[in-house]
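Quick one, what's the 3D model for this:
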Amino acid sequence: MGNVLITGASGFIGSFLVEEGLKNDYKVYAGIRKSSSREYLKDPRINFLEMDFSSVEKIVETLEACKILGIRFQYIIHNAGVTKAGRKEDYFRVNAQNTQNFIQALIQTGMVPEKFIYMSSLAAHGPGDPATMLPVMLADTPKPIELYGKSKLEAEKYILSLESFPWLIIRPTGVYGPREKDYYVFFKTMSRGMETYIGYRPQILTFIYVKDLVRLIFDAMKSPIVRRAYFVSDGKEYDTKMFAAITKRILKKKTLKITVPSVIVKHLAFGLEKIFGLWGTIPTLNTDKYKVLSSTNWRCETEPLQRDFGFVAEYDLEKGVAETIDWYKSEHWL
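Modelled structure (predicted):
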């Protein structure tokens, strides 16, 4: 089936991409940092490639070494990046500049693959209009609301500027599943009997289970389609209370509901950001996080996925959450 290089292979989505590549009989190269954990990369068929994206020169050195060994990549899934960073500039350095460094090195060494899939995010476009509640469409002008999304959009803009480069851009909505640590906080809070809401307006949420996402990516990789971008969700919509109800039912828990007014959370986030800023760091609850948590419309267009790849999600939220919670319990996370 050919060689596929998966960067960010040690992370949540990356480790599932590796498993999907092996399942589809690709020769998988896991691009990782020297310090990366290999906890979920135990399969002996995995070929490891230590990569440093901090400069074009360092990546060129790695790619030239691959050429000497006769290794070329028919496909690259560039999944490396950060969703959280201690400093604002780190988002742009890792998500945008490192992506540009990588592509420039590929071009410089003549190692451009048949297809380069960039793992972006719905955050690069931002939420939909809260007044109309219409979904975000591919043709809409991107309006990211936080640093993570803005840095992803900057990387996308560079990719879009390239002539004849065989890219696909994948923009998943909320990705959840085993090994994931952000939604895990929500599940853990619910398991302890707490159900917390910010403000009184319900959020409309969209999700994609990690196994559906990686299956879609490999289907897109096998297709002849290039130079297009896609939003990815399971095609359904959920509000925050529905998400909580599904989780409670699976956990078999009763909860105490607490609603915190948005204005209190907003001021708390602002204050924490100022305090942590004295040490050059960003708190978990910050103004960016507040913007995401208080946005009410995370609908997105998914018809192009069905049209171009025949994509139909195997997991709705109930099935995905059940499998995820089973995993958390088996690993003693819950």
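
now the helices: where do they sit in the stretch 51-200 of the chain?
56-68, 88-91, 98-108, 147-160, 182-191 (DSSP state H, counting those that start in this stretch).

now these in a markdown table, with mean neighbour count, distance to residue 42 and mean pLDDT?
For the C-beta atoms, the positions are set from N, CA and C on the backbone; glycine is no exception. Converted to a markdown table, the helices of the stretch 51-200 of the chain look like this (neighbours: other Cβ atoms under 10 Å; distance: least, Cβ to Cβ, whole Å; pLDDT from 0 to 100):
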| stretch | mean neighbour count | distance to residue 42 | mean pLDDT |
| --- | --- | --- | --- |
| helix 56-68 | 15 | 23 | 97 |
| helix 88-91 | 17 | 30 | 90 |
| helix 98-108 | 20 | 26 | 98 |
| helix 147-160 | 21 | 30 | 97 |
| helix 182-191 | 16 | 21 | 94 |
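
Figure out which of these is closest to residue 271.
The closest of the helices of the stretch 51-200 of the chain to residue 271 is helix 88-91. By Cβ to Cβ, the value is 17.5 Å.

Which elements pack onto the closest one?
Helix 88-91 sits against helix 147-160, with contacts defined as 3 or more Cβ pairs under 8 Å, 6 or more residues apart in numbering; DSSP states H and E.

tell me the angle of the helix it packs on relative to helix 98-108?
Per axes from the mean of the first three to the mean of the last three Cα atoms, to 10 degrees, the angle that helix 147-160 makes with helix 98-108 is 20 degrees.

Leaving out the residues flanking it, which one is nearest to residue 125?
With sequence-adjacent residues excluded and distances taken as Cβ to Cβ, 6 or more residues apart in numbering, residue 125 is closest to residue 142, at 4.5 Å.

typed the wrong thing, it's residue 236
Of all residues not flanking residue 236 in the chain, residue 316 sits nearest, at 6.0 Å (Cβ to Cβ, 6+ apart).

Is the one you found in contact with residue 237, as I believe?
No - counting by Cβ atoms under 8 Å, residue 316 does not reach residue 237; the two are 11.0 Å apart.

what sits against residue 153?
For residue 153, the contacting residues are 120, 124, 125, 142, 144, by Cβ atoms under 8 Å, 6 or more residues apart in numbering.

mind redoing it with 6 Å?
Residues near residue 153 by Cβ atoms under 6 Å, 6 or more residues apart in numbering: 124, 142, 144.

Could you export the residues you listed as JSON lines, including distance to residue 231, pLDDT and neighbour count?
What follows is the contacts of residue 153, written out as JSON lines (distance: Cβ to Cβ, whole Å; pLDDT from 0 to 100; neighbours: other Cβ atoms under 10 Å):
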{"residue": "124", "distance to residue 231": "10", "pLDDT": "98", "neighbour count": "24"}
{"residue": "142", "distance to residue 231": "12", "pLDDT": "97", "neighbour count": "16"}
{"residue": "144", "distance to residue 231": "14", "pLDDT": "97", "neighbour count": "21"}
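
any idea how far residue 33 is from residue 266?
Relative to residue 33, residue 266 is positioned 36 Å away (criterion: Cβ to Cβ, to the nearest Å).

circling back to that earlier point, could you point out which of the contacts of residue 153 is nearest to residue 20?
Taking Cβ to Cβ as the measure, residue 20 lies nearest residue 124 of the contacts of residue 153, at 22.9 Å.

Quick check, the closest one in contact with residue 150.
No - contact status for residue 124 versus residue 150: not in contact, 8.0 Å apart, counting by Cβ atoms under 6 Å.

Thank you, goodbye.
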